[in-house]
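**Student:** here's a sequence, model it:
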Amino acid sequence: MALFLEAGFVGTVVACPNRVRKYKGLVHLSDGTTGDGNQIEQDVLTEKPCEGSRITFPGEFPTRSDFKLWNEAVRSVTSASIRLATPVGPFLCKGHKK
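**Tutor:** This next block holds a predicted model:
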């Protein structure tokens, strides 16, 4: 969420991407990146829910407009090929996803 705030998403506009983030089970930026930490995974941009996590997320029911704003937010902080300007780097420990 910090990246979205830095990109200028504020107030109620941040609530839409945050609903989708919880629906998708993303805590950290690295939760939605490829193994090398350079690129956003394609599933992050779909309407598919979280595949499983050891964390219990609150129930969220994002709307189509939430997903649209989510995709705009993700694309605003990445390149056209959804690569991050600054990679998150390699994973250092096991994440929360199953």
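
**Student:** around Glu51, count how many other residues there are.
**Tutor:** Using other Cβ atoms under 10 Å, Glu51 has 10 neighbouring residues. Using the backbone N, CA and C atoms, a C-beta is placed for each residue, glycine as well.

**Student:** you'd agree it is up against Val44?
**Tutor:** No: contact criterion Cβ atoms under 8 Å: Glu51 and Val44 do not qualify, at 11.7 Å.

**Student:** end to end on stretch 22-33, go ahead and measure it.
**Tutor:** As for stretch 22-33, its first-to-last residue distance stands at 16 Å under the measure Cα to Cα, to the nearest Å.

**Student:** run the chain-centre distance for it.
**Tutor:** Between the centre of stretch 22-33 and the centre of its chain there are 5 Å (Cα atoms, centre = their mean, to the nearest Å).

**Student:** so which residues make contact with stretch 51-62?
**Tutor:** For stretch 51-62, contacts defined as Cβ atoms under 8 Å, 6 or more residues apart in numbering pick out 16, 19-20, 22-23, 25, 27, 47, 50, 70, 96-98.

**Student:** before I go, just wanted to say thanks for your time.
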